[in-house]
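> generate coordinates for the sequence data below:
(chains A and B)
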Amino acid sequence: MSTDTKEASADEGPIIEVTDLVRKFGDRTVLNGVSFKVYRGETIIIMGGSGCGKSTLLRHIIGSLKPTSGSIKMFGDEVTTMTPPELEKLRLRFGMNFQFGALMQSMTVGENVALPLLENSRVDPEIVELVVKMKLELVGLTGFENLKPSEISGGMRKRVGLARAVAMDPELLFSDEPTSGLDPIMTAVIDQLTIDLTQKLHMTAVIVTHDMVSAFRIGSRMLVLGAGQRAGMVIAWGTPDEIRHHPDPEVQQFIKGEPDGPVPLKLSPEDYIIRLLGHDRDKGLSY
Amino acid sequence: MKAVLGFLSLNAEILYWIFVAPWRGKAGLNFSHAFTQMVRIGVQAVPMTALTSFSIGLTLAMQAAQELSKMGATAYVPDLVSISLLRELGPLLVGVVVIGRSGSAVTAELGTMKVSEEIEALEVMSINPVRFLVLPRFVAMMIMLPVLTVFGNYIGFVGGWSICHFALGMNTGGFITRIIASADPMDLYSGVVKSFVFAWLIGTISCLKGLSVKGGAEGVGLSTTSSVVTSIISMLVANAILTAAFFFTE
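From the prediction side, this is the model:
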């Protein structure tokens, strides 16, 4: 990243601007009027219960899915109406770390990290080899270059995915649950790496995570997606302090990891019957 | 209708990456990947192709000998073997071998990559999956299927020769002379033209079915079955059309 880019940060407009994003799969609304802005150098944390649409939101931002309605702008350009060549050009500016790594199983760890460099640049193969070693060193995987993804653990695969995502030194990093399945020390290492990338290199990060310790450690702003009646809606958006003291009981239940609250541990007997039978108990069974 | 559109769209993309993209300064075919696929699709299929072709040459010669011996015309056994193999059975049998061995493998491999997000990861890395994955497999199929077909023809002749020589007492020189006399170059060309068409069908159908996998392991299984069935039916229909075309134009 150039020095000029680093200096032009806070004063420039948002690099991601999501406005009234709606996505429906059949009758089910997965994202419901999601809006937020991301500025350069920030680390945005997207949180919410399982199946609330976090990964779907991420996939819309990177252009893999098209929304039902709404707008997504990245670096000032509308993503939702981009042609495939325009998307290809845009994607050179960001890296994506998938939830399960999404590594090429037929390639070695080193070849996976080298892939974007070899395919998208004309860098000398010796330099690529050096970059691969540097990126693997960043995620604590030096010496694993020649192993296949099937020969390493799930946590290691995640770290290789992260090394591959930052191989091209992108301006923007998307990461889907980067620390799930990692031990506490490696979680802290990945967190520190994210902090270094955002603070020292002014990389911007958008991270989906369930890990509250990690989220509050690295997040500069946080977005919480709702569940139940408010499924797919942004129920909280702010700095870690604002989220920590947020008045919404669902947010508090989520960040404290409480089993019961606005998202109930057990359904009421009436709701249980309705969900089980598909109709009210008083109306009797249909068979 | 959707499947036809998908097929046409994939063909258009393949043509773009072969003939247009390199002239626009974009990366085209990865020769190293294409070579790897040529080894998988072609070289590694040699034993199975040889076995199938040899047994068909053997069977054709035995059946022809049985019927022709009634008329005392066993000298014409090589003629029947050569015409049948060059025009029809050679390309068809090698096509079936490649569909079963490589077409299904291509669909299963691409399908597994689809369900494990590898293809989405390629797209997010600005690497076009058609260029990176489909093109090497397609080019390898277009080169290796005709090569395997010609190879299979010769092995089929060896099967026919073994019956003519050991069972009918025909000498090797006589067998070769009859083969050369009975088959004209058009017989060989028509078989090779057919094998190019079959390669195009198998290559595009197997890749298309792989890229359109939905769901998990079950989806991969269903798509692989569908790929094999569709490829065989398409090949048989194309074979009938091409045979008719050669028949009426000669």
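> return the residues of chain A in contact with chain B.
A:62, A:64, A:88-89, A:91-92, A:96, A:98, A:100, A:102-105, A:115-116, A:119-120, A:164 (Cβ under 8 Å from any Cβ of the partner chain). Glycine gets a C-beta too; all of them are placed from N, C-alpha and C.
> what residues does chain B put near chain A?
Those residues of chain B that sit near chain A, judged by Cβ under 8 Å from any Cβ, are B:27, B:112-113, B:116-118, B:120-121, B:123-128, B:132.
> cutoff 6 Å now
B:E117, B:E118, B:E120, B:A121, B:V124, B:M125, B:S126, B:I127 (Cβ under 6 Å from any Cβ of the partner chain).
> just the ones in strands from these, please.
Using DSSP state E, no member of these falls in strands.
> from those, which is closest to A:M222?
Proximity of these to A:M222 (Cβ to Cβ) peaks at B:V124, which lies at 23.9 Å.
> residues near that closest one, how many?
A count of nearby residues for B:V124, using other Cβ atoms under 10 Å in any protein chain shown, gives 25.
> show me the contacts for it.
A:I62, A:R91, A:M96 (Cβ atoms under 6 Å, 6 or more residues apart in numbering or on different chains).
> now, the residues you listed that are in helices?
Those of the contacts of B:V124 mapping onto helices are A:R91, per DSSP state H.
> which residue comes closest to A:G33 once chain neighbours are left out?
A:D20 (5.3 Å; Cβ to Cβ, 6 or more residues apart in numbering or on different chains).
> contacting residues for the residue nearest to the spatial centre of chain B?
Chain B has B:G95 as the residue nearest its centroid, 3.4 Å off, counting by Cα atoms, centre = their mean. Going by Cβ under 6 Å, 6+ apart, B:G95 touches B:F198, B:M235.
> that one looks like it's in a helix, true?
Yes: the assignment for B:G95 is a helix, going by DSSP: H, G, I helix; E, B strand; the rest coil.
> so how far is B:V197 from it?
Going from B:G95 to B:V197 by Cβ to Cβ, to the nearest Å gives 9 Å.
> number of nearby residues for residue 137?
You didn't say which chain, so I picked chain A. Residues lying near A:E137 (other Cβ under 10 Å) number 12.
> wait, I meant chain B there
Number of residues near B:R137 (other Cβ under 10 Å) recorded here: 28.
> can you tell me the element it falls in?
helix B:135-166 (DSSP states H and E).
> just after that helix, pick out the following helix or strand.
Toward the C-terminus from helix B:135-166 - assigned by DSSP H and E - lies helix B:172-182.
> give me the number of residues near residue 24?
No chain specified, so I'll use chain A. 14.
> that was the other one, I meant chain B.
8.
> measure it to B:Y16 for me?
For B:R24 relative to B:Y16 (Cβ to Cβ), the value is 10 Å.
> swap in A:V234?
41 Å.
> more crowded one of these two?
A:V234 (21 against 16).
> hey, what's that one bridged with?
A:L225 (DSSP bridges).
> ok but A:F174 is inside a helix, no?
No: using three-state DSSP, the assignment for A:F174 is strand, not a helix.
> tally of neighbours for residue 213?
You didn't pick a chain, so chain A it is. A:V213: 13 neighbours (other Cβ under 10 Å).
> my question was about chain B, not that one.
26.
> which helix or strand contains the residue lying closest to it once chain neighbours are set aside?
Using Cβ to Cβ, 6+ apart and skipping residues adjacent in sequence, the residue nearest B:V213 is B:G111, 3.6 Å away. B:G111 is located in helix B:104-115, with elements delineated by DSSP H and E.
> pLDDT score assigned to residue 11?
Because you didn't say which chain, this covers chain A. On the pLDDT scale, A:D11 is placed at 58.
> chain B was what I was after
Per the predicted model, pLDDT is 94 at B:N11.
> neighbours around the closest residue to it other than its chain neighbours, how many?
Counting by Cβ to Cβ, 6+ apart, B:T204 is the residue found nearest to B:N11 once chain neighbours are left out, at 6.0 Å. When neighbours are defined as other Cβ under 10 Å, B:T204 has 22 of them.
> what do you get for A:T68?
That count, for A:T68 with other Cβ under 10 Å as the rule, works out to 12.
> tell me the contacts of it?
Contacts of A:T68 by Cβ under 6 Å, 6+ apart are A:V22, A:R23, A:K24.
> specify which member of these is nearest to A:E129.
Using Cβ to Cβ, the contacts of A:T68 come closest to A:E129 at A:R23, 41.3 Å.
> I'd assumed the closest one was in a strand, is it?
Yes: the assignment for A:R23 by three-state DSSP puts it in a strand.
> check contacts around the nearest residue to it once chain neighbours are set aside.
In space, not counting the residues next to it along the chain, A:R23 is nearest to A:L31; the distance is 4.2 Å by Cβ to Cβ, 6+ apart. By Cβ under 6 Å, 6+ apart, A:L31 lies in contact with A:L21, A:V22, A:R23, A:G53, A:L57, A:G232.
> beyond the strand or helix carrying A:L31, next helix or strand please.
Assigned by DSSP H and E, A:L31 belongs to strand A:28-38. With elements assigned by DSSP H and E, the helix or strand that comes after strand A:28-38 is strand A:43-48.
> give the other helices and strands that that following strand contacts.
strand A:204-208, strand A:221-225 (3 or more Cβ pairs under 6 Å, 6 or more residues apart in numbering or on different chains; DSSP states H and E).
> would CSV of those strands with mean pLDDT be doable?
Below are those laid out as CSV (pLDDT from 0 to 100):
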stretch, mean pLDDT
strand A:204-208, 94
strand A:221-225, 93
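> can you say which of the ones you listed is nearest to B:G103?
strand A:204-208 (38.0 Å).
> so which residues make contact with that closest one?
Here strand A:204-208 has contacts from A:15, A:40, A:42-46, A:54, A:58, A:172-177, A:194, A:198, using Cβ under 6 Å, 6+ apart.
> how far does whatever helix or strand comes next after it sit from its chain's centre?
Per DSSP H and E, the first helix or strand lying C-terminal to strand A:204-208 is helix A:212-218. The chain centre lies 14 Å from the centre of helix A:212-218; the measure is Cα atoms, centre = their mean, to the nearest Å.
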